[in-house]
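Asker: I would like to see how this sequence folds:
(one chain, ligands or ions: 1)
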Amino acid sequence: MTYKVAIITLSDNGSQGLRQDLSGPKIKDIMTSQGFEVVSTHILSDDPLQLKELLIDICDNKKAQLILTTGGTGFSKRDNTPEATLEVIERNVPGIAEAMRMKSLSITPRAMLSRGVSGIRKDTLIINLPGSPKAAEENLQVILPVLTHGLNILSGNEVECAVRK
Ligand code: MTE
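Answerer: Reported below is the predicted structural model:
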């Protein structure tokens, strides 16, 4: 099963063409090399309403089984990604965000400054990654080993966790 992924970059500057988006393309490369199908990439401002609308559209119209956001998870007044995500998810998946922060803390103490969350809406898993290409990649590497198993369970392609790793 090839899972479809949508990638959303949150950046006021990026959305106005004032800064090149390096994180979105980096995530796209990684996910493609891992066998995922990247169906869409988006660059939005940090406006939470726009993000909410896009998340709902992708989930409710079954456009992707996975949404990776990058950016907007920090302390700036315009960092709204976790709040927008929490408003659309139906089920929280705290372990993903916990694992990303835990592993990232061994790389930099600044990892504790990311407020990223993860959760499920309908048949789609949404994961917030931090904004810099380095941080996005480091966080993604933490979850890649378990992502397909989680998506298999979510989509009903695997019914039990018989083989534990
Ligand atoms: N996580 C990892 N693995 N590596 C990093 O360099 N940077 C941190 C944190 N998480 C970082 C990281 C920093 S400096 C910030 S401010 C937060 O992510 C939030 O980033 P964002 O506002 O770009 O989403």
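
Asker: quote the end-to-end distance of stretch 109-116.
Answerer: End-to-end distance for stretch 109-116: 15 Å, by Cα to Cα, to the nearest Å.

Asker: for the protein, which segments count as strands?
Answerer: With DSSP state E, the ranges of strands along the chain come out as 4-10, 37-44, 66-70, 91-92, 118-121, 124-129.

Asker: spell out which residues of the chain are next to the ligand.
Answerer: Listed as neighbours of the ligand in the chain under the rule Cβ under 6 Å from any ligand atom: 71-74, 79, 104, 107-108, 110-111, 113-114, 130-132, 134-135, 138-139. Backbone N, C-alpha and C define where each C-beta goes, glycine included.

Asker: any low-confidence regions in this protein?
Answerer: Scanning the chain for pLDDT under 70 picks out 162-165.

Asker: could you redo the last one with a cut-off of 50?
Answerer: For the chain, not a single residue meets the criterion pLDDT under 50.

Asker: name the single longest helix found in it.
Answerer: Taking DSSP state H as the criterion, the chain has its longest helix at helix 133-155.

Asker: what angle do that one and strand 124-129 make?
Answerer: Following axes from the mean of the first three to the mean of the last three Cα atoms, to 10 degrees, one obtains 160 degrees for the angle between helix 133-155 and strand 124-129.

Asker: can I get the CA coordinates of helix 133-155 in CSV?
Answerer: The C-alpha trace of helix 133-155 is given here as CSV (Å, rounded to 0.1, in the frame of the first residue of the first chain):
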residue,chain,number,x,y,z
PRO,A,133,14.8,22.1,7.4
LYS,A,134,17.2,20.6,10.0
ALA,A,135,14.5,20.4,12.7
ALA,A,136,11.9,19.1,10.4
GLU,A,137,14.2,16.3,9.2
GLU,A,138,15.4,15.4,12.7
ASN,A,139,11.8,15.1,13.9
LEU,A,140,10.7,13.1,10.8
GLN,A,141,13.5,10.6,11.3
VAL,A,142,12.2,9.8,14.7
ILE,A,143,8.8,8.7,13.5
LEU,A,144,9.6,7.1,10.1
PRO,A,145,10.2,3.7,11.6
VAL,A,146,6.7,3.4,13.0
LEU,A,147,4.7,5.5,10.5
THR,A,148,3.7,2.9,8.1
HIS,A,149,2.6,0.5,10.9
GLY,A,150,0.4,3.3,12.3
LEU,A,151,-1.1,4.1,8.9
ASN,A,152,-1.7,0.4,8.3
ILE,A,153,-3.8,0.2,11.4
LEU,A,154,-5.6,3.5,10.8
SER,A,155,-6.6,2.4,7.3
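
Asker: chain center to it, what's the gap?
Answerer: Relative to its parent chain, helix 133-155 has a centroid offset of 9 Å by Cα atoms, centre = their mean, to the nearest Å.
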